[in-house]
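Peer 1: Okay, predicted coordinates and the sequence, questions at the end:
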Amino acid sequence: MIARGPSRGGAVVDSLVVLGTIALILTMLNESFWSRDYLVAGLVPVVFLLGLAWVTRRLQDGMWVYFLVALVAFAPLGAWAALRRPGPWILPTVDTMSRVLGETWLAPGIFVSTLPPVEASGTLMLLPYAIGFGTALPAAWLALGTRRPMAPVIPLVAGLAATIPVAVLIPDYYILRGAGLTVVLVTWAAARTRRVESLVGRRRVNLLGTVAAVLVVALVSGAVSFLVPDNDQTDRVRLRPTGGGNVASVAADTVVPPVTGRAELFRVTGVPLGARVRFAALDVYDGKAWVPGEESPGAGPAGTFQRLGPEITPVHSGPEVAVRVRIRPGYASDWLPMLGELTSLELDYTDGRTQLEDVRYNQATSSAVVLGGVDPRDDYTFTSVLTPDEFGSDDETMAPADDQRQPAGAFLDQFLEPFDRSGLEPLQRVLLMARYLRLNGSVRLTGTSSQDPVDLGLRLIGADRMVATPFQYSAVTALAASRLGVPARVVVGAEPGKRGIVGQGDVLSWVELQFADGTWRTLEPDRYTGVHPFAEDEVDDDRLGAAGWVDKELKAGNSEIKIPKGADIELAPDAVIEEQTDPWRVVGLGLAGLLGAALLALLLVPLGKVLRRARRRRTSSWSAPYVNGWQEVLDAARDRGTPVPDTWSRVTQATRLGIGLDLARQADAAVFAASPADAADGHEFWDTCMDLRRQLVREVDVRHRLWSYLNPASLLAGWARNRSRDDSVARQVGDEDGGARRQQPAGA
């Protein structure tokens, strides 16, 4: 026999809470979909399951009927709500229902493998449908078919946990959603608990306690989100994209378009003057060469090659441009020419040429690959955002992750010791090294561009006479920057010529560095490529070497910019020198002070109880040991979590507590006696009450026992009693004395 569910009114409230909570969970996908049609697919099964639970909850075998009907309805309901293919006579076909059952397992992988926002249609709609159905299946029955307070909360939290790995890394109002969901679930569980306790006549969770719990959850959530902000976009675990395969490695050989005998590669229109079009970013050094990585170092799953939707949300903001590209037969590559951070891509033809589903895009490197290669007849238009590309020597760079330091390039460290100065910032070290290459290196335009360790180390940056191709200079600069503490990569692309024509001679390479705001900015080739023409008969006797050259440069730099200590500096008469104060630091210190004051107040609670006990015992009234001694017992019960109403008689209170019934009767007899009791009897009653108080505390578990010493509930209750009466506790004792005196015979 199943437990009878809540009443009709309670079932309505529970249904609305389940529906609203799942809707709130599904909104975490709001930034992932192009439209909000996904909410329909996710909430239709919720409404269906709530209705089914409402109908079957009163049946003898309602639970089995509920789950059996729900599981049978999964496939046809998914065809209607998610795939939107009702079929003939509103009944989905067997093929459609088979597609629901088969593609539901594939939907999460396809979803995270597509750059958001994705189009709310097709297989991807099975993801919100599965989340809504899977969360509501147990939650609806546990909410409407049982009275267990916490049971329906568990599947709702599980639904939230299942949604987080597929949502974008930082959804809007992510923490606010979590705090709101926590408040709703805590309030709901408390309300269901009060509903159950009211049936047995032992309500232990009062409204004040529920409100206090909700306020504590809200305040702690707000304080934690403020004091410990989550600014790391790669810190949260997200489901890894699937379906990319070895896209980058397969296309690595065509990063530099092979020579085909045709001069023209493609034409572009809309590219700003001086901007470069990129083919691919080489972000991994594998020990032999720079290659495009399947997963960009430091970017996590977001740095993989993923499918494209109609629109793409860029990582950074900036001015948007529209570029049109016309591929020519001379361009034989797997890489689509790109510019900036892609926001949309539209291919002109649907007649067997490259299609959108053939394109994979890496948002971390702004590189696009076509599976099977770019068709020489492709024409396409894309829009993109141009990020800042200039920087100064004092700009802050991104701290590199372990894989961004390119471990395979550790052989270069011995040659970088002269530049790795502790007094310089990482970017300053890189710029110093680049200047050394430019001023001391020679460039050749023929021969191979090997990137083996011996060619980049001993024969290039470690040589007294540096001679290399422009691509080798890019390779060694990016590798040296990575080892010096600045994330770097090599980019291959082209600079369009007149009328937007790109030929084989326009292909070049450059280095990009990552800055603290996450953007990648160009280190221009003319800042690190050797300026000396290659000459066979050059004499090396006058070269200082890297260490000597660095010392000379730093001394020259110091003599130009150093200001002697104590030098006189003239300021305007009205000049004011102020130290800038961070407002967030002030707010943080204020909150820390408030939290410290609250903790101190909590630690002072035991001292307050000791002082209150001493004051109660020292009261001069003859009835004080009886009134105040019994009040100490009631306060101990309240602090341990089992309060009894103050308006009840002492006997009723003792009956509810299940202890001290004789003491309650003795107190009533003494207080309302015809004559005052003996003082020794009062002291003995007080000591007995103290023993009873300690016994009440020992009966509960260790956690409640420790909390009873710090719980300010009895202090707050006493304060409330004093506010509600005109007289103090001493006046109350006097009134009881007066009541006893009025019962005495005249002249007593």
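Peer 2: Ah, there it is. Treat the numbers as computed from the prediction; the structure is a model and nothing was measured.
Peer 1: Tell me, how many residues neighbour residue 45?
Peer 2: 29 (other CB atoms under 10 Å). Yep, even glycine has a C-beta here, placed from its N, CA and C like the rest.
Peer 1: tell me the pLDDT at it?
Peer 2: According to the prediction, residue 45 has pLDDT 96.
Peer 1: Quick one: classify it as helix, strand or coil.
Peer 2: Using DSSP: H, G, I helix; E, B strand; the rest coil, the structure places residue 45 in helix.
Peer 1: Also residue 697?
Peer 2: helix.
Peer 1: does it really touch residue 636, like I thought?
Peer 2: Yes: between residue 697 and residue 636 there is a contact at 5.9 Å, judged by CB atoms under 8 Å.
Peer 1: I figured residue 379 was touching residue 348, is that so?
Peer 2: Yes: taking contacts as CB under 8 Å, residue 379 lies within contact range of residue 348: 4.4 Å.
Peer 1: And these two? Which one has more around it.
Peer 2: More crowded of residue 379 and residue 348, by other CB under 10 Å: residue 379, with 17 against 14.
Peer 1: For that one, give me the backbone phi and psi.
Peer 2: phi -130, psi 130 (degrees, to the nearest 10).
Peer 1: For residue 322, see how far away it is.
Peer 2: 14 Å (CB to CB, to the nearest Å).
Peer 1: What are the boundaries of the helices in the stretch 451-600 of the chain?
Peer 2: 453-456, 470-484, 545-561, 583-603 (DSSP state H, counting those that start in this stretch).
Peer 1: which residue sits closest to residue 698, ignoring its sequence neighbours?
Peer 2: residue 705 (7.1 Å; CB to CB, 6 or more residues apart in numbering).
Peer 1: which element is that neighbour on?
Peer 2: Counting by DSSP states H and E, the element that carries residue 705 is helix 702-710.
Peer 1: Pull that helix out as PDB, backbone CA atoms only.
Peer 2: Provided in PDB are the C-alpha atoms of helix 702-710 (Å, rounded to 0.1, in the frame of the first residue of the first chain):
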ATOM      1  CA  VAL A 702      25.800  15.400  19.900                       C
ATOM      2  CA  ARG A 703      25.000  17.900  17.100                       C
ATOM      3  CA  HIS A 704      21.800  19.100  18.800                       C
ATOM      4  CA  ARG A 705      23.500  19.000  22.200                       C
ATOM      5  CA  LEU A 706      26.300  21.400  21.000                       C
ATOM      6  CA  TRP A 707      23.900  23.600  19.200                       C
ATOM      7  CA  SER A 708      21.800  23.900  22.400                       C
ATOM      8  CA  TYR A 709      24.600  25.900  24.000                       C
ATOM      9  CA  LEU A 710      24.900  28.300  21.100                       C
END
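Peer 1: Tell me what angle that helix forms with helix 583-603.
Peer 2: Interaxial angle of helix 702-710 relative to helix 583-603 (axes from the mean of the first three to the mean of the last three CA atoms, to 10 degrees): 90 degrees.
Peer 1: which residues are in contact with helix 702-710?
Peer 2: Contact partners of helix 702-710, identified using CB atoms under 8 Å, 6 or more residues apart in numbering, comprise 602-603, 605-606, 609, 636, 639-641, 697-698, 700.
Peer 1: And for stretch 127-139?
Peer 2: 18, 22, 25-26, 29, 38-39, 41-46, 49-50, 67, 70, 74, 77-78, 81-82, 104, 107-108, 111, 152, 154-156, 158-159, 162-163, 166.
Peer 1: Could you do stretch 46-59 as well?
Peer 2: Under CB under 8 Å, 6+ apart, the answer for stretch 46-59 is 5, 11, 15, 18-19, 22-23, 62-63, 65-66, 69-70, 73, 77, 132-133, 135-137, 140-141, 143-145.
Peer 1: go on, stretch 355-374?
Peer 2: By CB under 8 Å, 6+ apart, stretch 355-374 touches 115, 244, 247-248, 251, 254, 278-281, 283, 292, 296, 299, 302-308, 312, 315, 327, 331-336, 338, 340-342, 345, 347, 354, 384, 489.
Peer 1: Specify the residue ranges that define each domain of the protein.
Peer 2: Taking automatic domain parsing as the reference, the chain has its domains at 8-227, 247-385, 403-487+513-536+544-559, 598-742.
Peer 1: Can you list the low-confidence ranges for the stretch 251-400 of the chain?
Peer 2: Low-confidence segments of the stretch 251-400 of the chain, defined by pLDDT under 70: 260-261, 301, 350-352.
Peer 1: run the last query once more with 80
Peer 2: 259-263, 300-302, 310, 349-354 (pLDDT under 80).
Peer 1: Could you pull out the strands in it for me?
Peer 2: 264-269, 277-282, 284-285, 290-291, 305-306, 320-327, 335-336, 341-347, 359-362, 367-370, 379-385 (DSSP state E, counting those that start in this stretch).
Peer 1: who wins for proximity to residue 667 among those?
Peer 2: Residue 667 lies closest, by CB to CB, to one member of the strands of the stretch 251-400 of the chain: strand 305-306, at 76.3 Å.
Peer 1: Output stretch 331-339 as PDB, restricted to C-alpha atoms.
Peer 2: Only the C-alpha atoms of stretch 331-339 are listed here, as PDB (Å, rounded to 0.1, in the frame of the first residue of the first chain):
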ATOM      1  CA  TYR A 331      43.300  27.400 -53.200                       C
ATOM      2  CA  ALA A 332      43.700  23.700 -52.300                       C
ATOM      3  CA  SER A 333      43.200  23.600 -48.500                       C
ATOM      4  CA  ASP A 334      40.900  22.300 -45.800                       C
ATOM      5  CA  TRP A 335      40.900  25.700 -44.000                       C
ATOM      6  CA  LEU A 336      38.300  28.400 -44.600                       C
ATOM      7  CA  PRO A 337      39.900  31.900 -44.700                       C
ATOM      8  CA  MET A 338      38.500  33.800 -41.600                       C
ATOM      9  CA  LEU A 339      38.800  37.200 -39.900                       C
END
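Peer 1: All set, thanks.
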